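Trainee: need coordinates for the following:
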Amino acid sequence: MEASKEGGKNIIRLIADTQLVDTDKYDIFERGVLYYTAAEGYPGYLIMEDVDNGTKVRMAEVTQTGSIGGRLPINVGTATNRVVYARAYVVVMEKNGNSKTPEKRYSETISGSFESLGGGL
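Mentor: From the prediction side, this is the model:
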């Protein structure tokens, strides 16, 4: 997670670098970032089931096809002290076809505001 001014906008860039270590067993089906912005802390866990379930959790899919994820810019406007909570996710499927059920994997949740990340410097 990093912050900077880009084109006069206050941007927090979420960095979701995901690597699948067991590529011989799984294929990446989907990957992306779950995030929530708030002046107060987020009371949940940032899981895919939170999206469109009465929360303000948003999901942005990363469409790169390599082993590394991507970057998601969030314009925080003038709310430079508002905290962004974020977590990368990957949905994988077994290659051998034993299971047709996607498996969800999550990173640790990280957080920061434009100010706390030094974006105004």
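Trainee: look up the closest residue to T55, ignoring the ones flanking it.
Mentor: G44 (6.4 Å; CB to CB, 6 or more residues apart in numbering). C-beta: built from backbone N, CA, C; applies to glycine.
Trainee: quick one: that neighbour from S113, how far?
Mentor: 19 Å (CB to CB, to the nearest Å).
Trainee: for the residue nearest to T55, give me the pLDDT.
Mentor: The model reports G44 with a pLDDT of 74.
Trainee: I'd like the next helix or strand past the helix or strand bottoming out on mean pLDDT in the chain.
Mentor: In the chain, no helix or strand scores lower on mean pLDDT, DSSP states H and E than strand 70-75, which sits at a mean of 82. Next in sequence after strand 70-75, counting helices and strands by DSSP states H and E, comes strand 83-94.
Trainee: return the set of buried residues in that following strand.
Mentor: For strand 83-94, burial by neighbour count (16 or more other CB atoms under 10 Å) applies to 83-93.
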